[in-house]
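In: this is a predicted model, with the sequence first.
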Amino acid sequence: MKMDDSTRDLLLAVDGVTIDYGGFKALDGFSMTLQKGETRVVIGPNGAGKSTLCDTIIGRVRPSAGRVVFRGEDISQLPEQAIVGRGICRKFQAPGILSGLTVEDNVALAARRDRRWWRNLGFGIPAAERETVDRILEMVGLADCRHREAGPLAHGQKQWLEIGMVIATGAELILLDEPTAGMGPAETRRTAELIHSLGDSRTVLVIDHDMSFVEQLNATVTVMHQGKFLAQGDVASIRQNAEVAAVYLGHAA
Ligand SMILES: Nc1ncnc2c1ncn2[C@@H]1O[C@H](COP(=O)(O)OP(=O)(O)O)[C@@H](O)[C@H]1O
Ligand SMILES: [Mg+2]
């Protein structure tokens, strides 16, 4: 890799990574890089390896070849906990929300620097975290239901709460795997606005296959197919890419 201006603010490099499931390569020599502060969308047909890419970055699966470099450090053999400690966070899955707690307590617990947060249960939100929690509740549009229990929230609200919790951890790199799954058009638009509102304060890797959402994000798009890099560019160029179209239509060679 040339060391020029384009690599100066390099945050993450996935470098020739192969993930082998008993002979089947979910990732097959896949490479991509992320610059500090950018929002990137990864698309690709079902089974392309998008979720495996997230699993690899967060350390849930180990490459048999290649490496993942975060801020200049090879993290590909670190335990997931250590990777989270370095500043990478994947959106909490549904069980990540504690349904019996209020919306604001969920955000506050995610924000807690002391990750042994259960020690702090029931002691209220410390003043130092109050500001962060309030800012995030505004950001994800849940300020009005801060005192409601998280369990009965609508599906879209739960998704936003999960995103808010990821933001609250302070992670520099945020991985969102299909954040708009099960959302209608209005909720999807709101989610794009939410990701936009992060500006370049965070680096965000978004996986999604809803092209209207991808368009709203107006980010660079990386296309995967069969565990490999297929194409990259802005939404317009990806829309016009014949190889990409072929893959989505199932006509790829
Ligand atoms: N734990 C696993 N064991 C075996 N195969 C897997 C495993 N996880 C994923 N795969 C396979 O790897 C491929 C990529 O999966 P995935 O990364 O989930 O794709 P995507 O998120 O792009 O739909 C799929 O063919 C899937 O069946
Ligand atoms: Mg997936």
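Out: Structure received. Ligands and ions are numbered 1, 2, ... in the order given.
In: which SSE is immediately downstream of the one helix or strand residue 138 maps to?
Out: Using DSSP states H and E, residue 138 maps to helix 127-139. Next helix or strand after helix 127-139 toward the C-terminus (DSSP H and E): helix 155-168.
In: please name every helix or strand in contact with that following helix.
Out: The contact analysis (3 or more Cβ pairs under 8 Å, 6 or more residues apart in numbering; DSSP states H and E) places helix 155-168 against helix 103-111, helix 127-139, strand 173-177, helix 185-197. Where C-beta positions appear, they are placed from N, C-alpha and C, glycine not excepted.
In: wait, is residue 60 part of a helix?
Out: No: counting by DSSP: H, G, I helix; E, B strand; the rest coil, residue 60 is not part of a helix but coil.
In: and the residue nearest to it when sequence neighbours are not counted, how many neighbours?
Out: Nearest residue to residue 60, sequence neighbours excluded (Cβ to Cβ, 6 or more residues apart in numbering): residue 80, at 5.8 Å. By other Cβ atoms under 10 Å, the residues close to residue 80 number 14.
In: how many residues are close by residue 43?
Out: When neighbours are counted by other Cβ under 10 Å, residue 43 comes out with 24.
In: list the contacts of it.
Out: Counting by Cβ atoms under 8 Å, 6 or more residues apart in numbering, residue 43 makes contact with 50, 207, 208, 209, 211, 214, 221, 222, 223, 224, 238.
In: ok, the residue of the stretch 1-150 of the chain found nearest ligand 2 - contacts?
Out: Nearest to ligand 2, among the residues of the stretch 1-150 of the chain, is residue 51, at 3.2 Å (Cβ to the ion). Residues near residue 51 by Cβ under 8 Å, 6+ apart: 177, 207.
In: next one: the helix or strand containing it to chain centre, how far?
Out: Using DSSP H and E, residue 51 sits in helix 50-57. In terms of Cα atoms, centre = their mean, to the nearest Å, the centre of helix 50-57 is set 10 Å apart from its chain centre.
In: could you write out the alpha-carbon coordinates of that helix in CSV?
Out: Extracted in CSV, the C-alpha atoms of helix 50-57 (Å, rounded to 0.1, in the frame of the first residue of the first chain):
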residue,chain,number,x,y,z
LYS,A,50,-21.3,-9.1,4.9
SER,A,51,-22.2,-10.3,8.4
THR,A,52,-19.0,-12.4,8.4
LEU,A,53,-17.1,-9.2,7.7
CYS,A,54,-18.6,-7.7,10.9
ASP,A,55,-17.9,-10.9,12.8
THR,A,56,-14.3,-10.8,11.6
ILE,A,57,-13.7,-7.1,12.5
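In: who's in contact with the next helix or strand after that helix?
Out: Next along the chain after helix 50-57, taking DSSP H and E as the criterion, comes strand 65-70. With Cβ under 8 Å, 6+ apart as the test, strand 65-70 has contacts from 11-18, 29-31, 56-57, 74-76, 83, 86-88, 173.
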